[in-house]
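[1] Take a look and give me a structure for this.
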Amino acid sequence: MTLLETSSAAAATATYGSQAPRSRADQIVNLMANYSIETTPGGSAKIDDFRDHLPEGTKVSVTFLPGSDWRDTVATAKRLRNEGMEPAPHVAARSLPDVKTLDEYVRRLVGEAGVDQVVALAGAVDRPVGDFMDSMQLLETGVFDRHGISTIGVAGHPEGSPDIPERAIWQALRWKQGFAERTDASMYICTQFVFESQPIIDWDRQIRSEGIYLPVHIGVPGLATLKTLINHARACGIGASMRFLTRQARNVTKLMTVNAPDELVSNLAHYAEIDPNCGITRVHMYPLGGLKKSAAWSNAVAEGDFEMKRDGIGFTVNRAVA
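    Next comes the predicted model:
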């Protein structure tokens, strides 16, 4: 038995006593059961009805992209609510001019779309359009509490960010943990999409050791070609993932092959099962190759409609999803 197997067995014993842990397949279903997914206002226009692709009550984040109008995010959130979904719109600090606009935006999200949860982000804008530089300034306004927002997601960067120094990332996480202890809202960390499990496991353990106990919704890339994944990783400046992807891209024939995140999900599910201190509580799907494919794959996994591969880690869904 290897050292990893020994530590895993010890953790499982500590968690379950003499009772054996769940099978790897059951671990995967357990992690994916409450997955969330993301859409853009533009992307949502390509979906006739979200109920055709997502179970009722699915949490759907709505982006607020640089240069876009926040009213489009409100309209998309309203549509999602009307189609039985749970909208979680982004509130991008650097794209809002002032507190008055922030207040109107959140007021309309609550009043028109029944929103009770948001994701507060800095936003990928080099030069802020107004008074806000980061999500912490948004939180400090008290607007979310005033309008009854009960759940707030904040950004996590397991692989760092090209826009934020590493020291500032850690300072922000500690600040957000402190804010979570004084706000009426529940808070969680939603991360950028990742491709390898071990760096994420190491990061999760590190933030716990630093006294940051917010639940983690881990970003997972949906079904997409390797070429598409590389382009998105490059655009987001995800260094470690770029190295992981380019190693795979040495086989040129794989560039246009649709990739599924089965091994990533499987390893994270196993970690969540065996480590009682694991902070990962949800998978958040980034549908980089389109919402329909990623939703179909996620639904199959959440419903247990898949077969484990011979290695006992990867798996293949039993239905057509691409």
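
[2] Report the secondary structure element holding Lys292.
    Under the criterion of DSSP states H and E, Lys292 resides in helix 291-302.

[3] I'd like the next helix or strand past that helix.
    strand 306-308.

[4] remind me which residues of the chain are low pLDDT?
    For the chain, applying pLDDT under 70 flags the ranges 1-20, 161-163, 228-258, 322.

[5] domains for it, by residue range?
    Split into domains by automatic domain parsing, the chain comes to 22-223+260-305, 224-259.

[6] Strands of the stretch 201-322 of the chain, start to end?
    Listed in chain order, the strands of the stretch 201-322 of the chain (DSSP state E, counting those that start in this stretch) span 216-221, 224-225, 258-259, 280-286, 306-308, 315-317.

[7] will you turn those strands into TSV that also has distance to Leu109?
    Glycine gets a C-beta too; all of them are placed from N, C-alpha and C. Shown next, in TSV, are those (distance: least, Cβ to Cβ, whole Å):
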stretch	distance to Leu109
strand 216-221	19
strand 224-225	29
strand 258-259	34
strand 280-286	19
strand 306-308	36
strand 315-317	34
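
[8] wait, which of those strands is closest to Glu210?
    strand 216-221 (13.3 Å; Cβ to Cβ).

[9] I'd like to know which elements the helix holding Lys292 is packed against.
    helix 24-32, strand 36-39, strand 280-286, strand 315-317 (3 or more Cβ pairs under 8 Å, 6 or more residues apart in numbering; DSSP states H and E).

[10] try it again with 10 Å
    On a contact count with 3 or more Cβ pairs under 10 Å, 6 or more residues apart in numbering; DSSP states H and E, helix 291-302 meets helix 24-32, strand 36-39, strand 216-221, helix 262-274, strand 280-286, strand 315-317.

[11] CA atoms only for the third one - export them in PDB, please.
    Listed next in PDB are the C-alpha coordinates belonging to strand 216-221 (Å, rounded to 0.1, in the frame of the first residue of the first chain):
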ATOM      1  CA  VAL A 216     -15.900  26.100  -1.900                       C
ATOM      2  CA  HIS A 217     -17.800  25.700  -5.200                       C
ATOM      3  CA  ILE A 218     -15.100  24.400  -7.500                       C
ATOM      4  CA  GLY A 219     -15.100  25.600 -11.100                       C
ATOM      5  CA  VAL A 220     -15.000  22.700 -13.600                       C
ATOM      6  CA  PRO A 221     -14.800  23.100 -17.400                       C
END
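
[12] Can you tell me the strand partners of that strand and which way each runs?
    The strands beside strand 216-221 in its sheet (DSSP bridges) come out as strand 186-193 (parallel), strand 280-286 (parallel).

[13] With distance to Ser44 added, can I get those in a markdown table?
    Compiled in a markdown table, the strands paired with strand 216-221 are given as follows (distance: least, Cβ to Cβ, whole Å):
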| stretch | distance to Ser44 |
| --- | --- |
| strand 186-193 | 19 |
| strand 280-286 | 15 |
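
[14] Which stretch among those approaches Arg146 most closely?
    Of all the strands paired with strand 216-221, it is strand 186-193 that lies closest to Arg146, at 16.4 Å by Cβ to Cβ.

[15] Pull the contacting residues for the residue lying closest to Glu86 once chain neighbours are set aside.
    Leaving aside its sequence neighbours, Glu86 sits nearest to Lys59 (Cβ to Cβ, 6 or more residues apart in numbering; 4.6 Å). Contacts for Lys59 (Cβ atoms under 10 Å, 6 or more residues apart in numbering) come out as 34-38, 80, 85-88, 117, 151, 153, 217, 282, 284.

[16] Could you do Asp69 as well?
    Taking Cβ under 10 Å, 6+ apart, we find Asp69 in contact with Pro41, Ala75, Ser95.

[17] Columns neighbour count on top of the residues you listed, output as a markdown table?
    Output for the contacts of Asp69, formatted as a markdown table (neighbours: other Cβ atoms under 10 Å):
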| residue | neighbour count |
| --- | --- |
| Pro41 | 22 |
| Ala75 | 17 |
| Ser95 | 24 |
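
[18] my guess is Pro287 contacts Val321, does it?
    No: applying Cβ atoms under 10 Å as the test, Pro287 and Val321 come out as separate, 11.8 Å apart.

[19] any common contacting residues for those two?
    In contact with both Pro287 and Val321: Gly222, Leu223, Lys293, Ser294, Ala295, Trp297, Ser298, using Cβ under 10 Å, 6+ apart.

[20] Against Leu223, how distant is the fifth one?
    With distances defined as Cβ to Cβ, to the nearest Å, the gap from Ala295 to Leu223 amounts to 10 Å.
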